[in-house]
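Q: with the input below, show me the fold.
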Amino acid sequence: EKNFGDINVNPNAPTVTNPDFIFTEALINGAQMDANRDFGIWAGLTASDEGLERKDNYFLPSELAIDTWRGCYSIIANLNEIVKIVKDDPYYVNKLAVTRIWRAYIFGRLTDLYGDIPYSEAAKGNTDQFIISPVYDTQRSIYLGLLDELKDAIAQIDVSTNALGNYKSADIVYGGDLTKWIKFGNSLRLRMALRISNVEPDLAKGIV
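A: Numbers count the residues shown, from 1 in each chain. Okay, the predicted model is just below:
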């Protein structure tokens, strides 16, 4: 009848999350979203019973559309968790910067697929802000935000030493090569600049 709370504390439960494990999973899940879902849908490799009723050759099954939305935001929530862990420690500056770049990539995919989406308040239910009903931001504001985020994250990377919290083997994309993450971040900025070039020509030109 005493110390009930203490008895039910799991002594084997981790108290500190390793950001390396989270980041590896975020890379895998982000890449699989591209390879397994989008291309499979449009190539006709992925189907649904709903399509039989509609007789639509280019039908997007609703469960896959939901999965993409839910899957991307799950990745973003995990990346936000890494940011929360490393943001206040200067030693992890490179982990923070690379995490921000990959998060911008996932957000970019989401807004390209859906347009206006939760961005500024997204996936913050496990943070101090505890936002469970995020606002929808306009696609224009999201693009401007992502362009600034990428520029900031790229500038944050310190290539002078790999000791500054590099993901190293946990980075299954570039193996901890920070110069390649800089190139990737800049390639994303170039992609976004090209996509806004018809509506924001001066801004796009400046970025390019």
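Q: all helices for the protein, in order.
A: Taking DSSP state H, the helices of the chain run over residues 4-7, 19-32, 39-42, 49-54, 62-86, 93-114, 139-156, 178-195, 201-207.
Q: what mean pLDDT does the longest one get?
A: Helix 62-86 comes out with an average pLDDT of 86.
Q: the closest residue in space to S141 that isn't next to it in sequence - how many residues pack around it?
A: The shortest distance from S141 to any non-neighbouring residue, by C-beta to C-beta, 6 or more residues apart in numbering, is to Y119 (7.5 Å). Backbone N, C-alpha and C define where each C-beta goes, glycine included. Residues near Y119, counting by other C-beta atoms under 10 Å, number 22.
Q: so Y119 sits against T138, correct?
A: No. The pair Y119 / T138 is not scored as a contact, 9.1 Å apart, by C-beta atoms under 8 Å.
Q: give me the most central residue, the chain.
A: Nearest residue to the geometric centre of the chain (C-alpha atoms, centre = their mean): R103, 2.9 Å.
Q: next, the contact list for the residue lying closest to it once chain neighbours are set aside, please.
A: Closest residue to R103 apart from its sequence neighbours, by C-beta to C-beta, 6+ apart: L79 at 4.3 Å. The contact partners of L79, by C-beta atoms under 8 Å, 6 or more residues apart in numbering, come to I22, F23, A26, T99, W102, R103, I106.
Q: any idea how far L194 is from I207?
A: Look at L194 and I207: by C-beta to C-beta, to the nearest Å, they are 9 Å apart.
Q: out of the two, which sits in the busier spot?
A: I207 (18 against 12).
Q: from D137, how far out is the nearest residue to that one once chain neighbours are set aside?
A: Spatial nearest neighbour of I207, chain neighbours left out: A193 (4.0 Å); criterion: C-beta to C-beta, 6+ apart. A193 is 19 Å from D137, where distance means C-beta to C-beta.
Q: OK, contacts around the spatially closest residue to I154 that is not a sequence neighbour?
A: Excluding the flanking residues, the one nearest I154 by C-beta to C-beta, 6+ apart is G185, at 4.4 Å. Going by C-beta under 8 Å, 6+ apart, G185 touches I101, A104, L150, A153, I154.
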